[in-house]
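>>> Using only what follows, build the 3D model:
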Amino acid sequence: MKACIMCGGAGTRLRPLTFKHPKPSIPILNKPSVRHLIEHLSREGFNEIVMTLGYMGERIEEQLGDGHMFGVHIDYVYEKEKLGTAGGVKNAEKYLKNEPFIVLGGDHVLNLDLREMYRFHETNDAIVTIGLLSIDDPREFGIADMDINNRIHRFLEKPKSGQIFSNLASTGIYICDPEIFDWIPENKKYDFAKDLFPALLAADRRINGMLVRGKWTDVGSSAAYRQAQRWMLDALPGTTIEGNFTTRNARIRGPLSIGNNVSIGSNSSLVGPIVIGENTVIGDNVLIGPYSVIGSNCTIDNNAKILSSYLFDDVCIGKNSNISGAVVADETSVGEECSLENGTVIGHKVIIGNSSTIHSGVKIWPEVVICNNSSIKETVINSDYDITHEGS
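This next block holds a predicted model:
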């Protein structure tokens with residue numbers, strides 16, 4: 001079975017994290033998000049994959065190669081200009097035109113039964129089947145009005161208050177017949193939700209919906225990213241330790257996944273689920289709470305607290321600092337006696353001076369220096385980088 005993974009977006013809503021990493025490469029449990037997706041597709045029997053690439057696409061191709069390590073074959077198609085979701089798939093037509101195929105976003109994190117959805121499409125007469133999920137607030141998604149026979153009669157992208165005729169939200173997962181390519185113009189920006197689905201409905205072509213069960217999110221915001229990490233941490237099967245591991249009377253309660261050459265100091269306490277990357281050093285009297293991920297080559301100094309936070313590679317946390325519900329990108333240094341409050345997102349190569357507080361929800365752009373004794377209450381932009389942080 002064939003799959004098309006769309007990876008063209010710039011990930012502006014996830015900034016400052018996406019200045020160094022394309023959105024599908026943002027780490028979840030210390031490996032690129034899209035790698036989890038490909039491993040799931042492989043388990044479900046989708047072994048021919050084409051990826052549509054745009055922003056930092058070379059980085060994604062470099063990380064995944066030809067796919068053989070995941071039991072799949074991957075082809076790559078680059079967009080010279082933004083073509084939209086449907087236009088990007090049209091750009092990969094030569095790899096997909098011979099049989100039905102599944103379309104997903106490169107930022108999707110899920111555990112859905114995709115094979116069941118594919119079989120449902122095969123046994124029903126529709127040009128496309130949309131995976132639908134009932135959610136509390138569907139305003140950031142497309143919503144569908146579906147009858148008892150699974151036929152969709154209305155579809156509206158990102159409804160406003162007063163337009164929410166259904167809470168059945170599109171997951172952005174579609175099973176398409178190859179005939180779909182006849183409806184998508186070449187070399188033109190064209191979206192599934194905004195353009196293609198309204199055109200099909202206007203022509204009275206059948207679009208089906210299928211109610212899917214399980215966990216799904218698109219990692220389009222820092223809040224969704226933290227949620228995705230929690231889901232994956234909940235799925236840790238137990239405690240695994242790779243290679244050398246040293247500790248001096250630390251208190252450790254799993255589940256944990258610990259990489260090679262990790263050391264934990266005296267009287268520290270780790271309460272899982274936690275993932276720790278290789279070559280990371282954790283000092284004395286450190287508390288690492290549940291739902292935390294620490295990357296490779298990190299240093300957590302004495303008396304620090306890491307609570308439900310996600311540290312990328314090469315991060316240093318100083319003595320007596322408290323990191324709570326934060327995301328800290330690569331090569332960032334947090335000084336002593338600092339506090340990063342819930343929802344803070346720190347870009348790569350940031351230096352935060354001693355005794356500083358970063359207030360809840362604040363974002364700090366890459367390569368910013370925060371002086372000692374600072375209290376940062378608003379997002380800090382580095383004008384050397386794009387300032388946009390809304391959109392895709």
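>>> how about low-confidence regions in the stretch 201-350 of the chain?
For the stretch 201-350 of the chain, no stretch is flagged by pLDDT under 70.
>>> Tell me which stretches of it form helices.
222-234 (DSSP state H, counting those that start in this stretch).
>>> tell me the domain ranges of the chain?
2-227, 240-376 (automatic domain parsing).
>>> what about the first one, distance to the chain center?
A distance of 13 Å separates the centroid of the chain from that of domain 2-227, by CA atoms, centre = their mean, to the nearest Å.
>>> Straight-line length of that domain, end to end?
Counting by CA to CA, to the nearest Å, you get 28 Å between the two ends of domain 2-227.
>>> repeat for stretch 226-241
Distance between the two ends of stretch 226-241: 24 Å, counting by CA to CA.
>>> Can you mark which positions in stretch 49-59 are buried?
Counting neighbours by 16 or more other CB atoms under 10 Å, one finds that the buried residues in stretch 49-59 are Ile49, Val50, Met51, Thr52, Leu53, Gly54, Tyr55, Met56, Gly57, Arg59. C-beta coordinates here come from the backbone N, C-alpha and C atoms, glycine included.
>>> Of the domains of the chain, give the one that comes closest to Asp386.
Nearest to Asp386 among the domains of the chain is domain 2-227 (7.6 Å), distances taken as CB to CB.
>>> Contact partners for the residue nearest the centre of the chain?
Central residue of the chain (CA atoms, centre = their mean): Val219, 3.6 Å from the mean position. Residues in contact with Val219, defined by CB atoms under 8 Å, 6 or more residues apart in numbering, are Leu14, Lys23, Ile26, Ile28, Ser33, Asp107, His108, Val109, Tyr225, Ala228.
>>> hmm, back to that, so which of the buried residues of stretch 49-59 are in strands?
Of the positions in these, Ile49, Val50, Met51, Thr52, Leu53 sit in strands, assigned by DSSP state E.
>>> I'd say the second one and Val72 touch.
No: using CB atoms under 8 Å as the test, Val50 is too far from Val72 to be in contact (10.6 Å).
>>> about what we covered before: return the member of the ones in strands among the buried residues of stretch 49-59 nearest to Leu201.
For those, the nearest to Leu201 is Thr52 (24.5 Å; CB to CB).
>>> what about that closest one, distance to Pro100?
Applying CB to CB, to the nearest Å, the value for Thr52 to Pro100 is 18 Å.
>>> returning to that earlier point: ok, and the closest non-adjacent residue to the residue nearest to the centre of the chain?
Asp107 (4.4 Å; CB to CB, 6 or more residues apart in numbering).
>>> Contacts only, for the one you found.
Gly9, Gly11, Lys23, Pro24, Ile26, Ser33, Val34, Asp218, Val219, Gly220.
>>> Out of the residues you listed, which two are the most distant from each other?
Val34 and Gly220 (13.9 Å).
>>> Give the residue from these two that has the larger number of neighbours.
Val34 (27 against 20; other CB atoms under 10 Å).
>>> helix/strand/coil for the more buried one?
helix (DSSP: H, G, I helix; E, B strand; the rest coil).
>>> Let me know the pLDDT of it.
Val34 carries a pLDDT value of 95.
>>> Backbone torsions only: list them for the spatially closest residue to it that is not a sequence neighbour.
Closest residue in space to Val34, ignoring its immediate chain neighbours: Pro24 at 3.7 Å, by CB to CB, 6+ apart. For Pro24, the backbone dihedrals (degrees, to the nearest 10) come out as phi -70, psi -10.
>>> which residues touch Pro24?
Ile5, Cys7, Pro32, Ser33, Val34, Leu37, Ile60, Gly106, Asp107.
>>> mind running it again at 6 Å?
Cys7, Ser33, Val34, Ile60, Gly106, Asp107 (CB atoms under 6 Å, 6 or more residues apart in numbering).
>>> Likewise for Arg248?
Contacts of Arg248 by CB under 6 Å, 6+ apart are Ser266.
>>> what does Ile130 give?
Ser170, Tyr174, Gly209.
>>> quick one, phi psi at the first one?
Summarising the backbone geometry of Ser170 under the convention degrees, to the nearest 10, its torsions are phi -70, psi 130.
>>> shouldn't it be in contact with Gly142?
Yes: between Ser170 and Gly142 a contact is recorded at 4.0 Å, counting by CB atoms under 6 Å.
>>> Tell me the one of the buried residues of stretch 49-59 nearest Glu93?
Among those, and counting by CB to CB, the member closest to Glu93 is Val50, at 9.7 Å.
>>> Tell me how far the closest one lies from Phe192.
16 Å.
>>> before we move on, what about Leu211?
19 Å.
>>> who has more neighbours, these two?
Neighbours were counted for Leu211 and for Phe192 using other CB under 10 Å; Phe192 has more, 27 against 12.
>>> tell me the contacts of that one?
Thr85, Ala86.
>>> at 10 Å what do you get?
6, 84-89, 103, 128, 130, 142, 155, 157, 170, 172, 174, 176, 180, 184, 200 (CB atoms under 10 Å, 6 or more residues apart in numbering).
>>> In strands only, show me these.
Those of the contacts of Phe192 lying in strands (DSSP E): Met6, Val103, Val128, Ile130, Gly142, Phe155, Glu157, Ser170, Gly172, Tyr174, Cys176.
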